[in-house]
Every structure is written in structure tokens, then in C-alpha cells.
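> how would this look folded up:
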Amino acid sequence: MNDSKANISKINDVSHDGHRERLTNLINNVGLENVSKIQAVEYFLTYIFPRGDVNPLAHRLLDRFENFGNIVDASENDLKTIKGINDRSAKKIKLFGDLIFYYSSSKMTKKISIDDRMEFLDLLEQMLRFQTTEYLYLMAFNNKYLLTHKRRYNRKENNKVGISPMQLYDFIASTNPAYIVVAHNHSGGSAIPSPDDYDAMNCIDEALKPLNCQLIDSFIVGLDGVFSERQTAFVRKFDSSGKIISLLQ
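Numbering: from 1, shown residues only. Now for the predicted structure:
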């Protein structure tokens with residue numbers, strides 16, 4: 001009986017391996033963007049689970065989280081409520097978002113200048129527009145207004161300012177910028193600042209005074225656009241479908 005079960009298991013593994021190979025060939029031929037959500041998530045799961053049929057798990061994840069982005073952004077605890085996801089696989093899925101961020105950061109070989117407004121706003125969108133977690137970025141610029149470093153913080157792990165004085169001073173000490181820019185997102189909401197947002201910018205302004213470093217601006221990215229706290233205006237607006245409808249030069 002045990003030998004019979006082992007043989008069935010081997011047959012199933014071969015069948016699943018063949019399915020994985022067919023799925024990989026399909027995606028190679030047509031592109032990831034041209035397959036179904038189920039197929040895309042299933043393919044992703046083959047990297048998390050080296051063996052076995054992950055199709056049912058892909059269905060369960062999409063039933064709960066709706067799309068791939070929400071799966072990657074889900075907390076480890078939420079992921080572990082899904083049958084088939086244990087502590088190890090939840091950590092692997094969660095770390096995939098960090099890998100995406102690391103990849104995009106490592107590709108930034110061209111220096112971004114804040115003087116090139118469109119390119120800079122594109123960068124803010126890339127970093128913050130579609131995040132479901134509220135993040136804050138500190139960005140360091142040299143005296144030629146070129147971006148040299150950026151660092152991401154989880155706003156929920158800090159106070160209402162979004163960044164602690166020690167984190168700010170550590171960033172300044174390690175990057176030695178002439179200027180900094182702060183940017184954060186209002187996940188799922190409007191980019192219009194709250195009173196706390198303006199208080200945060202003023203606190204950072206005050207903290208930088210003795211450090212020979214200047215805060216250029218504090219930007220907020222929301223569903224409706226990108227807001228500049230210095231200019232008290234939207235510098236980029238989105239319509240209901242997410243397309244850019246206006247730019248402030």
C-alpha cells in the first residue's frame with residue numbers, strides 16, 4: 001500500500017511538472033501580461049513552491065485578495081489564513097515586494113534631477129502610487145540637484161510625522177546631501193495634505209536648520225494626483241481612470 005501511494009505521488013509530480021513546463025512555455029510565447037490572472041499567480045507560486053500543484057492555491061489567493069498586487073502587499077498574518085500558506089511561504093511572498101523595489105532601485109543608473117519635473121514625478125508615481133501600505137521616502141540630492149540616495153520607511157511604524165528625528169539625522173549623516181525631498185502616499189485616498197502633513201513638513205524644516213541641508217519640498221501621492229506642500233497645489237492630476245490629465249510645470 002505504501003509503495004502504491006508513493007507511485008501515485010510520483011505520477012502526480014510528473015504531471016504537475018509537465019503542467020509547469022507548459023505554463024512557462026505559454027508565458028514565454030505570449031508574455032505575462034497576456035495570460036489570465038490565475039495563470040500569472042500560478043506561475044508566481046511556482047517560485048514559492050518548487051513542487052506540487054499550485055493552481056488551487058492560486059484560486060484561493062485571488063478569491064481572497066483579488067489581484068497579484070494585493071497578494072504581494074498582504075501581511076504575513078493575512079497570507080497565513082489561506083489554506084496551503086505556512087510561515088515560510090508567507091515570508092517568501094512578502095519579500096517578493098522588497099525584491100521588486102530592490103530591482104527598480106538597482107536599475108536607476110541614470111541620475112534623476114529634480115529640475116526635470118516630469119521625470120521626477122514619474123519616479124514618485126513608480127515608488128508610491130500603487131502602494132497599499134503607507135510609505136515615506138527620504139531622498140538625498142547633491143548641490144547639482146541630482147538624486148544620490150533614497151530610503152523607504154513604513155509610516156505606520158513611526159509617529160504621525162512619519163519619520164523620527166533619529167532616522168532623519170541618520171539619513172543625513174550617511175548620505176551627506178545638500179538638499180532633501182520627502183514624499184509619502186495616502187494609500188487609497190486623496191493627496192490633499194492633512195494638518196498633520198503640514199506639521200510634519202514644518203518639523204523637518206526646523207530639524208534641518210542646523211544641519212546645512214535644505215528641504216526642497218514634501219510631496220504626497222494619492223489616487224487623485226501628486227501634491228506639492230511647498231506650492232500648496234497639485235503638480236500632477238489623475239482622472240478617474242488613473243490617466244494624467246494635467247501637469248504643473
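
> quick one: buried residues of stretch 130-141?
Buried positions in stretch 130-141, judged by neighbour count with 16 or more other CB atoms under 10 Å: 131, 134-141. (Glycine included, C-beta is placed from N, CA and C.)

> Pull the number of nearby residues for the closest residue to Ser228 other than its chain neighbours.
Leaving aside its sequence neighbours, Ser228 sits nearest to Val235 (CB to CB, 6 or more residues apart in numbering; 4.8 Å). Close neighbours of Val235, defined as other CB atoms under 10 Å, add up to 21.

> Quick check, pLDDT for Val235.
Per-residue pLDDT puts Val235 at 94.

> With the one 5 residues further on instead?
In the predicted model, Ser240 carries a pLDDT score of 76.

> Quickly check the buried residues of stretch 130-141 for the two that are furthest apart.
Among the buried residues of stretch 130-141, the pair separated by the greatest distance (CB to CB) is Glu134 and Phe141, at 23.3 Å.

> Which SSE is immediately downstream of the lowest-mean-pLDDT helix or strand in the chain?
The helix or strand of the chain with the lowest confidence, counting by mean pLDDT, DSSP states H and E, is helix 2-30 at a mean of 66. Next along the chain after helix 2-30, taking DSSP states H and E as the criterion, comes helix 37-48.

> pLDDT on that following helix, on average?
Average pLDDT, helix 37-48: 93.

> next one: it to chain centre, how far?
Distance, stretch centre to chain centre, for helix 37-48: 19 Å (CA atoms, centre = their mean, to the nearest Å).

> Report the spatially closest residue to the residue most central in space within the chain, excluding sequence-adjacent ones.
When CA atoms, centre = their mean is applied to the chain, the residue found nearest the centroid is Gln131 (5.1 Å). Distances taken as CB to CB, 6+ apart place Asn185 nearest to Gln131, at 5.4 Å, with adjacent residues excluded.

> ditto for Thr46
Arg20 (5.5 Å).

> Also Gly188?
Once flanking residues are discounted, Gly188 sits nearest to Leu223: 6.6 Å by CB to CB, 6+ apart.

> how about that neighbour, what does it touch?
Listed by CB atoms under 8 Å, 6 or more residues apart in numbering, the contact set of Leu223 reads 186, 188-191, 238.

> Residues touching stretch 188-206, excluding its own?
Outside stretch 188-206, the residues that touch it by CB under 8 Å, 6+ apart are 132, 160-163, 168, 182, 215, 218, 220-227, 229, 234.

> Which residue ranges of this protein form strands?
135-141, 147-154, 179-185, 214-222, 225-228, 233-238, 244-247 (DSSP state E).

> and the fourth one, how far from the chain's centre?
So the one you mean is strand 214-222. With CA atoms, centre = their mean as the basis, strand 214-222 stands 18 Å off its chain's centre.

> quick one, it and strand 135-141 angle?
In terms of direction (axes from the mean of the first three to the mean of the last three CA atoms, to 10 degrees), strand 214-222 departs from strand 135-141 by 150 degrees.

> Hey, what's the angle from strand 214-222 to strand 233-238? Just curious.
Using the same axes, to 10 degrees, strand 214-222 lies at 40 degrees relative to strand 233-238.

> Against which helices or strands is strand 214-222 packed?
Counting contacts by 3 or more CB pairs under 8 Å, 6 or more residues apart in numbering; DSSP states H and E, strand 214-222 is packed against helix 117-128, strand 179-185, helix 195-208, strand 225-228.

> Partner strands of the shortest one, with direction?
In this case it means strand 225-228. In the sheet, strand 225-228 lines up against strand 214-222 (antiparallel), strand 233-238 (antiparallel) (DSSP bridges).

> got those strands as JSON lines, with distance to Asp196 columns?
Listed next are these as JSON lines, based on distance: least, CB to CB, whole Å:
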{"stretch": "strand 214-222", "distance to Asp196": "11"}
{"stretch": "strand 233-238", "distance to Asp196": "19"}
